[in-house]
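1. Sharing a model that was predicted from the sequence below.
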Amino acid sequence: MSQEIWADVLGYVRKNISEVEYHTWFAPLKNLGVQDGSLVLGVRNSFAQEWLRKQYQGLLEDALRSLGAQHPQVSFQVLPAAQDALLLPSDPPPGPPPAPGRPASPIPVDNRKTLNPKYTFENFVVGPNNNLAHAAALAVAESPGKAYNPLFVYGDVGLGKTHLMHAVGHYIAERFPDKRIEYVSTETFTNELINAIREDKTTQFRNRYRSVDLLLVDDIQFLAGKERTQEEFFHTFNALYENHKQIILSSDRPPKDIQTLEGRLRSRFEWGLITDIQSPEYETRVAILKMNAEHNRIDIPQEVLELIARQVTTNIRELEGALMRVVAFSSLNNVPFSRAVAAKALSNVFAPQEVKVEMMDVLRQVASHFNMPPDVIRGSGRVREVVIPRQVAQYLIRDLTDHSLPEIGQFFGRDHSTVMHAISKVTEQLGKDTELTAAVETLRRKMKGLDEDADG
Ligand SMILES: Nc1ncnc2c1ncn2[C@@H]1O[C@H](COP(=O)(O)OP(=O)(O)OP(=O)(O)O)[C@@H](O)[C@H]1O
């Protein structure tokens, strides 16, 4: 599709959604042209793909219809890493170079320096546990200082409060490069204040915090009991609020539960919107793991992500840590990802989980051992290179799972007598054919979760 028509599609979409939605989901899309009658759009990851499909497919089709398409169809394709790199938001927009001898002006404030580049709206998985906080953050990003001021987000540790705050920061930094954004933890705010007092620099300290357009303060519950810091923060708050500057606060509890917080501060914290984030439910945890794996370009089977999501249930930081543990374990021991490997990797940290070996696990391990796609092993090929791995897979499934011969046959699209034949073939060769024997033994060890070797 020509870029002009694509621009028209975007124009239509933009009129029908909010600016935040547009910049989060549509600005990064890449028009890949029309294939088989369908407009193909490149997206950065499968999370964006699913979200666009669920939320915006109809709108895109309406846009095409409005431009005269009879049977509009849209599909999404996850871009490979290299193309994706071209779309990273940190890339400066193309523009003319500054005139020689003159600095480019105005000099943009480096707003992103305190923001974590990963903590964007696009990387934030929305689920029933956080959708209200997410919606509030979107609204604030769209109309800073107007929608809800302050926005107060509370919830237990590691549930995404900082991520959401930074997402607002990124969004505003991208749209309004000269707005000043300050992210600070309450602890840092306190320490800086102490230093400023000691060094007689309170004026500088005040000027700095009172001249920002967006102030993000993390862990505000740590104001409790710190009278001087509360006093200072009270004046900062008032100065910003009166100038319609946006304030976002995070805390592990709502304002009413922060002990020894001055009443005038507490009431100010309640002026805007108070919203909470809960622990994510299973589906959201799986989606977060999937997004993380893709973000780090790790190809990891869904059932392994599911196992991790069942192990870690409350804290998203720990959930991400568990994923990284599994990744490290598998690469250190040079074994492919499987549920058994994941369970083993996590068993030092979490209560060991009984992992039943599944047929698919065995097939994957065998496929990886023989360096061949699983589908080829399950397919109908009859050359020796495929037949041997297939027989080994059937033999190991029978050995390591409770599946019956007909069930194994069905899994391979064959009848039970073929499986029986495969098993006796392998049994016969064990001890005689050294290569086959070594393969079976190595695979058996891996499937059993590395019990004998690579411990830890
Ligand atoms: N909904 C989400 N989607 C994707 N990643 C998330 C989500 N929520 C949290 N995370 C990730 O979980 C990790 C912890 O999040 P974050 O630091 O924002 O938690 P927090 O609530 O601020 O924790 P703390 O109270 O310890 O400061 C981060 O890596 C963040 O990217």
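-> Structure's in. What do you need?
2. for the residue nearest to the spatial centre of the chain, what are its contacts?
-> Nearest to the mean C-alpha position of the chain, counting by Cα atoms, centre = their mean, stands M291 at 3.5 Å. By Cβ atoms under 8 Å, 6 or more residues apart in numbering, the residues touching M291 are 45-47, 123, 125. Quick note: C-beta positions are derived from backbone N, CA and C, even for glycine.
3. Take those and lay them out in CSV including secondary structure and pLDDT.
-> Listed next are those as CSV, based on DSSP: H, G, I helix; E, B strand; the rest coil; pLDDT from 0 to 100:
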residue, secondary structure, pLDDT
N45, coil, 82
S46, helix, 80
F47, helix, 78
N123, coil, 92
V125, coil, 95
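4. Show the pLDDT at the residue nearest to the centre of the chain.
-> Looking at M291, its pLDDT reads 93.
5. so how far is whichever strand or helix holds it off the chain centroid?
-> Using DSSP states H and E, the element containing M291 is helix 282-295. Relative to its parent chain, helix 282-295 has a centroid offset of 6 Å by Cα atoms, centre = their mean, to the nearest Å.
6. ok so, going back, kindly write the ChimeraX command that selects the buried subset of the contacts of M291.
-> Buried residues within the contacts of M291, by 16 or more other Cβ atoms under 10 Å, are selected in ChimeraX with:
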select :45,47,123,125
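7. restrict the contacts of M291 to those near the ligand?
-> When contact is defined as Cβ under 6 Å from any ligand atom, the contacts of M291 meet the ligand at 123, 125.
8. and the following helix or strand past the helix holding M291, average pLDDT?
-> Next helix or strand after helix 282-295 toward the C-terminus (DSSP H and E): helix 302-311. Averaging pLDDT along helix 302-311 yields 92.
9. now stretch 438-449
-> Here the average pLDDT along stretch 438-449 is 82.
10. Could you do stretch 37-44 as well?
-> 88.
11. what helices or strands is the helix or strand containing Q57 leaning on?
-> Assigned by DSSP H and E, Q57 belongs to helix 46-66. Here helix 46-66 touches helix 3-16, strand 38-43, strand 74-78, helix 282-295, going by 3 or more Cβ pairs under 8 Å, 6 or more residues apart in numbering; DSSP states H and E.
12. Isn't V312 up against R285?
-> Yes. Here V312 reaches R285: they are 7.3 Å apart, a contact under Cβ atoms under 8 Å.
13. who has more neighbours, these two?
-> Using other Cβ atoms under 10 Å as the criterion, V312 and R285 rank with R285 on top: 25 against 20.
14. nearest residue to that one other than its sequence neighbours?
-> Spatially, and ignoring its direct neighbours in sequence, R285 is nearest to A309 (4.0 Å; Cβ to Cβ, 6 or more residues apart in numbering).
15. Quick check: the gap between that neighbour and R398.
-> As judged by Cβ to Cβ, to the nearest Å, A309 and R398 stand 30 Å apart.
16. Likewise for E281?
-> Taking Cβ to Cβ, one finds E281 at 37 Å from R398.
17. More neighbours: those two, which one.
-> It is R398, of E281 and R398, that has more neighbours when counted by other Cβ under 10 Å, with 20 against 13.
18. residue contacts, the residue of the stretch 1-150 of the chain found nearest the ligand?
-> Closest to the ligand within the stretch 1-150 of the chain is V125: 3.6 Å, counting by Cβ to the nearest ligand atom. By Cβ under 8 Å, 6+ apart, the contact list for V125 reads 47, 280, 284, 287-288, 291.
19. which stretches of the stretch 201-350 of the chain have low pLDDT?
-> Scanning the stretch 201-350 of the chain for pLDDT under 70 picks out the ranges 350.
20. For the residue of it found nearest the ligand, which non-adjacent residue is closest in space?
-> Closest contact between the stretch 201-350 of the chain and the ligand, by Cβ to the nearest ligand atom, is at I316 (3.5 Å). Spatially, and ignoring its direct neighbours in sequence, I316 is nearest to G158 (5.3 Å; Cβ to Cβ, 6+ apart).
21. tell me the phi and psi of the one you found?
-> phi 70, psi 30 (degrees, to the nearest 10).
22. Please report the distance of it from E306.
-> Counting by Cβ to Cβ - G158 and E306 are separated by 20 Å.
23. can I assume F152 sits in a strand?
-> Yes. Under the criterion used here (DSSP: H, G, I helix; E, B strand; the rest coil), F152 sits inside a strand.
24. Need the pLDDT of it.
-> F152 is given a pLDDT of 97.
25. wait, it sits on K256?
-> No. Assessed by Cβ under 8 Å, F152 is found out of contact with K256, at 10.9 Å.
26. overlap in contacts of these two?
-> E270.
27. Now do the contacts for A63.
-> Taking Cβ under 8 Å, 6+ apart, one finds 8-9, 12-13, 72 in contact with A63.
28. Now rank those by neighbours and give me the top one.
-> Most surrounded of those: other Cβ under 10 Å gives V9, at 26 neighbours.
29. so what's it closest to, chain neighbours aside?
-> Leaving aside its sequence neighbours, V9 sits nearest to A63 (Cβ to Cβ, 6+ apart; 4.5 Å).
30. Quick one, grab the pLDDT at the one you found.
-> Reading off the confidence values, A63 has pLDDT 91.
31. swap in Q77?
-> Note for Q77: predicted pLDDT of 91.
32. For it, list each beta-bridge partner.
-> G42 (DSSP bridges).
33. Do I have it right that it meets L41?
-> Yes. Counting by Cβ under 8 Å, L41 is a contact partner of Q77 at 7.1 Å.
34. of these two, who's got more company?
-> L41 (23 against 13).
35. tally of neighbours for the nearest residue in space to the more buried one that is not next to it in sequence?
-> In this structure, L41 finds its nearest non-sequential neighbour in L29, 4.9 Å apart by Cβ to Cβ, 6+ apart. Counted with other Cβ under 10 Å, residues neighbouring L29 total 22.
36. ok, now which ones touch L29?
-> 41-43, 52.
37. Close to the ligand: what parts of the stretch 201-350 of the chain are there?
-> Going by Cβ under 6 Å from any ligand atom, the residues of the stretch 201-350 of the chain near the ligand are 218, 252, 288, 291, 316-317, 320.
38. how does it look with 8 Å?
-> Residues of the stretch 201-350 of the chain found near the ligand (Cβ under 8 Å from any ligand atom) are 218-219, 250, 252, 277, 280, 284, 287-288, 291-292, 315-317, 319-320.
39. Using neighbour counts, trim the residues you listed to the buried set.
-> Buried among these (16+ other Cβ under 10 Å): 218-219, 250, 252, 277, 280, 284, 287-288, 291-292, 315-316, 319-320.
40. Show me the two of the residues you listed that sit farthest apart.
-> D219 and A287 (26.3 Å; Cβ to Cβ).
41. quick one, phi psi at A147?
-> Note on A147: its backbone torsions stand at phi -70, psi -70 [degrees, to the nearest 10].
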